[in-house]
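S.K.: Sequence first, predicted coordinates after that:
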Amino acid sequence: MLPQIEATVNSNLCKWSTQGAVEVKSAISRMIFNFTGKVAFGYDVENSKAETIESLPNFIQSLMSFPLNIPGTTFHKCMKDKEKMSNMVRQIMKERFNSPDKRPGDFLDQAINDMASEKFLTEDFIAELAFGILFAAFESVSTTLTLALKFLSENPHVLEELTAENEAVLRKRENPDSQLTWEEYKTMTFTQSVINETLRLMNIPPGLLRKALKDINVKGYTIPAGWTIMLVTPIVHLNPETYKDPLEFNPWRWKDLDQVTLSKSFMPFGGGTRQCAGAEFSKLYMAAFLHVLVTKYRWSKVKGGRITRSPILLFPDGVHVKLTSKRD
Ligand code: HEM
């Protein structure tokens, strides 16, 4: 999948560099939506008959609204947008039922095959599931990468080290134009540290939700069985006892953090059996994005960059940048 990721990042960044200013959050949302939609559900943005998801980048803003489903409300608009995405998957499912010989063997095909043995897998369930996966993918990865861009712009010494690591990867190749390999990805430790540090500082969700299955005693207090518990990950990620100067964007700190500390103090993808299903894919995607970005392009901020939390992380004015090729 790495060559596919690199190719999609290459073509998108090339396109952005020929435009004026690009609003990064929306642009990355579309890029990751189209990619995940294609590899998991066969959504072909170029040739699809399904309606283009124009409202996609604003979906998250309408999600946190009063749940009044009547025309004119934000919630109603949110439900309509969700319906568009689910319908897109329903349409693809219909095409696959009609042409069983043209199945690519992706995630959607697996779900369709499992419908025979798993009673809960109805067409509606798969459409909802697809929406959940697409939403989980485009919102979180685009927020992380947008924030990484912002942090890198504000910390030129980090950008310098990141660029040096990624340019060294190119220099070590026999053919500098060959594609990023898994082995190269594994050597990009500073790139991983930049991603970890961005994930640590940003905390997209305000916490993780769990249900107490039995009464739990915590320091003399009882959490009764059945109660919902919220683990506030931002508190864990900004704990000065683990992370010195916790508000500082300092990817170098990851060199000295051991695995035991991290298992309890770093959980951007959650933990246990409900841990994020897309964690490894996301890290790979983000590393490939940063690799292409810093080796081929430079960028300057045009406007935006303000961040709010409500309760997830939002960029109310977007982050607008101008990308230029390093070859120009
Ligand atoms: C930077 C990127 C991402 C972050 C920070 C992130 C974060 C999270 C978090 C915090 C959870 C809740 C875990 C828990 O309760 O323990 C979660 C769940 C989930 N994520 Fe992600 N996610 C990311 C990307 C993705 C991507 C790209 C996909 C799919 C391709 C994805 C699919 C899922 C799914 C399916 C779940 C539900 C898992 C379950 O309940 O069993 N995520 N994610």
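M.R.: Looks like it came in fine. Everything numeric here is computed off the predicted structure, so don't read it as measured data.

S.K.: contacts, neighbours, all on C-alpha from now
M.R.: Will do.

S.K.: Now do the contacts for the closest residue to the ligand within the stretch 101-250 of the chain.
M.R.: Nearest residue of the stretch 101-250 of the chain to the ligand (CA to the nearest ligand atom) works out as A137 at 3.5 Å. With contacts defined as CA atoms under 8 Å, 6 or more residues apart in numbering, A137 is in contact with 32-33, 36, 278, 282.

S.K.: nearest spatial neighbour of H237, skipping sequence neighbours?
M.R.: Spatially, and ignoring its direct neighbours in sequence, H237 is nearest to R200 (5.6 Å; CA to CA, 6 or more residues apart in numbering).

S.K.: So which bits of the stretch 201-328 of the chain are right by the ligand?
M.R.: Neighbours of the ligand within the stretch 201-328 of the chain, by CA under 6 Å from any ligand atom: 208, 268-271, 274-279, 282.

S.K.: Format those as a markdown table; extra columns: secondary structure.
M.R.: Listed next are those as a markdown table, based on DSSP: H, G, I helix; E, B strand; the rest coil:
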| residue | secondary structure |
| --- | --- |
| L208 | strand |
| P268 | coil |
| F269 | coil |
| G270 | coil |
| G271 | coil |
| R274 | helix |
| Q275 | coil |
| C276 | coil |
| A277 | coil |
| G278 | coil |
| A279 | helix |
| S282 | helix |
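
S.K.: Of those, which qualify as buried by neighbour count?
M.R.: 208, 268-270, 282 (16 or more other CA atoms under 10 Å).

S.K.: And the residue of the stretch 101-250 of the chain closest to the ligand, what's its pLDDT?
M.R.: Looking at A137, its pLDDT reads 84.

S.K.: Helices along the stretch 201-328 of the chain, start to end?
M.R.: 233-237, 259-265, 279-296 (DSSP state H, counting those that start in this stretch).

S.K.: Could you pull out the buried residues of stretch 204-221?
M.R.: 204-208.

S.K.: List the contacts of that stretch.
M.R.: By CA under 8 Å, 6+ apart, stretch 204-221 touches 140, 143, 222-234, 270, 311-313.

S.K.: 6 Å - rerun?
M.R.: 222-233, 312-313 (CA atoms under 6 Å, 6 or more residues apart in numbering).

S.K.: mean confidence for that stretch?
M.R.: 91.

S.K.: cool, stretch 69-86 as well?
M.R.: 84.

S.K.: Stretch 175-191 now?
M.R.: On average, stretch 175-191 scores 93.

S.K.: who touches it?
M.R.: Residues contacting stretch 175-191 (CA under 6 Å, 6+ apart): L170.

S.K.: If we go by neighbour counts, what in it is buried?
M.R.: 180, 185, 188-191.

S.K.: circling back: export the helices of the stretch 201-328 of the chain to TSV and tack on distance to D245 and mean pLDDT?
M.R.: Below are the helices of the stretch 201-328 of the chain laid out as TSV (distance: least, CA to CA, whole Å; pLDDT from 0 to 100):
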stretch	distance to D245	mean pLDDT
helix 233-237	11	93
helix 259-265	15	86
helix 279-296	25	96
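
S.K.: Of those helices, which is nearest E154?
M.R.: helix 279-296 (14.8 Å; CA to CA).

S.K.: burial measure for M88, as a count.
M.R.: Neighbourhood size, M88 [other CA atoms under 10 Å]: 23.

S.K.: Ok, F281 next?
M.R.: 15.

S.K.: just L159 next, same as before
M.R.: 18.

S.K.: how close does the residue nearest to it when sequence neighbours are not counted sit to T191?
M.R.: Excluding the flanking residues, the one nearest L159 by CA to CA, 6+ apart is L152, at 5.4 Å. As judged by CA to CA, to the nearest Å, L152 and T191 stand 12 Å apart.

S.K.: is it true that K322 touches W299?
M.R.: Yes: between K322 and W299 there is a contact at 5.4 Å, judged by CA atoms under 6 Å.

S.K.: quick one on the thing from earlier: what's the separation between the residue of the stretch 101-250 of the chain closest to the ligand and T143?
M.R.: Distance, A137 to T143, using CA to CA: 10 Å.

S.K.: Common neighbours of those two, please.
M.R.: Common neighbours of A137 and T143 (CA under 6 Å, 6+ apart) do not exist.
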